[in-house]
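kindly return the folded structure for what I paste below:
(one chain, ligands or ions: 2)
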Amino acid sequence: MKEAFPGVGKIAYEGPKAKNPLSFKHYQASEVVGGKTMAEHLRFSVAYWHSFRNMNADPFGVGTRQMPWDDGSNSIENAQSRARAAFEFMEKLGVPFYCFHDRDVAPEGNTLAETNRNLDAVVKVLKEEQQRTGIRPLWGTANLFSHPRFLHGAATSCNTDVFAYAAAQVAKAMEVTLELGGAGYVFWGGREGYKTLLNTDMRREMDHLGRFLQMAVEYKKEIGFAGPFYIEPKPKEPTKHQYDSDAAACYAFLQRYGLTGDFRLNIEANHATLAGHTFQHEMEYATAVGLFGSIDANRGDMLLGWDTDQFPTDLYDTVLVMLTVLRADGFTTGGLNFDAKVSRESFEPIDLFHAHIGGMDAFARGLKTALAIREDGVLGGFLKQRYASWDTDMGREIESGTLSFTRLKQYMIEKGEPAANASGRVEMLENLLNEYL
Ligand code: XUL
Ligand code: CO
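Numbers count the residues shown, from 1 in each chain. Ligands and ions are numbered 1, 2, ... in the order given. Below is the predicted model:
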C-alpha cells in the first residue's frame, strides 16, 4: 500500500534546543523520570474519531481536511485502508495506544447483523496492524449518538427498542474491544440527557441508564472482559442537560445503582470546563473518591462555550493535572487519550503530526515539572504544615470517628477561642509554581 504520510519518518526526540518542528523537544519515550519511563507514565493514545473520521465541517462550511488515503466512500475496503493509514501515523508518532468507537472504524450496514459483519471485517485489519506494530486500544466504545435512531437518547430513550438496540451494540463493541486486547471500555453518555422536562420522566430515564450499565457489567463478566469500565462526565452538548454531568454527579449515580466497584471515571479537560470546573478539580475529585481512571486530554477555548476539543498546549494545566496524576500514583489501565482535533485551518496531513507532537511535549513538560515540584517538597511541606493540627491527638480522633459533639462542645467551652489561623499564602504558592515553569 502507498504510504499515507510520505516523507515523514519516525518522530525522534531531538531535545529542547532542536529547531525541527517534527521532533520531540521534551518527550523521550525511554527516558526514566520518577522511577518509570516517560512512555509508562504518560500512556499516550490517539483518538480514531477526531484524527481519522473528522473532516472538520462546521455549521457554516464543509470539511476541509485532506485525507489522501480516504476515497470518501462507505466501503469496507476504504475503512480497511483508513485503518492502515491510522497505524502508519501512530507508528511514526510513537504512541502505544488508540481509542475508537465501533462506528469510527467500520461503516454501518442496513441491518445490525450486516453492521456487525462490517465491523468484523475491519477488526481483522486492526488486529493485523496491532500485531505488526504492538499498538493496542486504550479503550473501545460504542457510538450511541450519531444515528437518528438515538435522537431521544440510547439507554435513556423513551423507546424500548432503541434501548435494546443500544444494548446489542454495546455487547458487540465490548466483544470487539476484548478481541483487540483493549485495556478498558468507555461509556460517554452521548445523548443520555434531555432538552425539556415537559417531555421527560427524569427518574425513569436515570433508572433505565442504571439498569443498562448493570447489564453491561453482567455481560462483561459473561465474556471475560477484565479491564475497567469508565464513565466520561460531560454536562451538556449534545443535550441541554446530560445525566453524567460531572465527576460528582457520576459518583452519586454510580453509588445509587451499585456500580462503584466496576466503574472509574475518564476525565476530559474540556468537559470539566463546560461543567464550570477546572480540569484539575475534576481529576482531584475523581482521585479523592477512588474513581480516577483515565484522561481525555484536550482543552476548550476561554471565549467559547462549547466542546472545542483543541489539542492541549497549556503548560499550567498539564503541570497541575500531572501533580494530581502523580498523587494518585499514576495510571494503571488508563492513559492520556488525545480527544482533540486539528483546527479547520490546519487541513494538511502533516498538521496531525504537529498537533500530537505539541500535546505530547506539553504533557512531558507537565510530568517533569510536577516531578520537580514534588522532589523539592516545598508544596508538600506547606500542605503538611497547613493541616498540622489534624496530626494531633484531637485531629486523629475526629478523623477516626471517636470524638463526639458532646466532647468537642466541652473542649471549646473550656478553651474559649480556637488557636489563631495561619495565612493560606495563595499568592506565594502561585508565584512558586511559576518558578518551575
Ligand atoms: C464527546 C467525547 C467522546 C468520548 C467518547 O464529547 O468526548 O468523543 O470521548 O465517546
Ligand atoms: Co472524550
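
now the helices for the stretch 101-250 of the chain?
Assigned by DSSP state H, counting those that start in this stretch, the helices in the stretch 101-250 of the chain fall at 102-105, 112-133, 160-179, 202-223, 247-256.

center of the chain, which residue is that?
residue 296 (2.4 Å; Cα atoms, centre = their mean).

among the helices of the stretch 101-250 of the chain, which comes closest to residue 311?
helix 102-105 (18.5 Å; Cβ to Cβ). Glycine gets a C-beta too; all of them are placed from N, C-alpha and C.

is any part of that closest one close to ligand 2?
No - judged by Cβ under 5 Å from the ion, helix 102-105 makes no contact with ligand 2; its nearest approach is 12.5 Å.

does that helix reach ligand 1?
No - judged by Cβ under 6 Å from any ligand atom, helix 102-105 stays clear of ligand 1, getting no closer than 9.5 Å.

and that helix, what does it pack against?
helix 112-133, helix 160-179 (3 or more Cβ pairs under 8 Å, 6 or more residues apart in numbering; DSSP states H and E).

would CSV of those helices with distance to ligand 1 and mean pLDDT be doable?
Shown next, in CSV, are the helices and strands packed on helix 102-105 (distance: least, Cβ to the nearest ligand atom, whole Å; pLDDT from 0 to 100):
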stretch, distance to ligand 1, mean pLDDT
helix 112-133, 16, 98
helix 160-179, 11, 98
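
would you list these in JSON lines and tack on mean neighbour count and distance to residue 153?
Shown next, in JSON lines, are the helices and strands packed on helix 102-105 (neighbours: other Cβ atoms under 10 Å; distance: least, Cβ to Cβ, whole Å):
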{"stretch": "helix 112-133", "mean neighbour count": "17", "distance to residue 153": "18"}
{"stretch": "helix 160-179", "mean neighbour count": "18", "distance to residue 153": "8"}
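
format those as a markdown table; extra columns: distance to ligand 2.
Below are those laid out as a markdown table (distance: least, Cβ to the ion, whole Å):
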| stretch | distance to ligand 2 |
| --- | --- |
| helix 112-133 | 20 |
| helix 160-179 | 16 |
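
with distance to residue 99 added, can I get the ones you listed in JSON lines?
JSON lines is the format used below for the helices and strands packed on helix 102-105 (distance: least, Cβ to Cβ, whole Å):
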{"stretch": "helix 112-133", "distance to residue 99": "12"}
{"stretch": "helix 160-179", "distance to residue 99": "10"}
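
who wins for proximity to residue 353 among those?
Of these, nearest to residue 353 by Cβ to Cβ is helix 112-133, at 16.6 Å.

what packs against the closest one?
So helix 112-133, by 3+ Cβ pairs under 8 Å, 6+ apart, packs with helix 76-93, helix 102-105, helix 160-179.

distance of the residue nearest to residue 36 when sequence neighbours are not counted from ligand 2?
Of all residues not flanking residue 36 in the chain, residue 330 sits nearest, at 7.2 Å (Cβ to Cβ, 6 or more residues apart in numbering). Taking Cβ to the ion, to the nearest Å as the measure, residue 330 falls 20 Å from ligand 2.

can you count the residues close to residue 330?
For residue 330, the count of nearby residues is 18 (other Cβ atoms under 10 Å).

ok, it touching residue 35?
No - using Cβ atoms under 8 Å, residue 330 is not in contact with residue 35, being 9.6 Å away.

related to what we said a few turns ago, save the helices and strands packed on helix 112-133 as JSON lines, and put in distance to residue 305 too.
What follows is the helices and strands packed on helix 112-133, written out as JSON lines (distance: least, Cβ to Cβ, whole Å):
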{"stretch": "helix 76-93", "distance to residue 305": "31"}
{"stretch": "helix 102-105", "distance to residue 305": "26"}
{"stretch": "helix 160-179", "distance to residue 305": "29"}
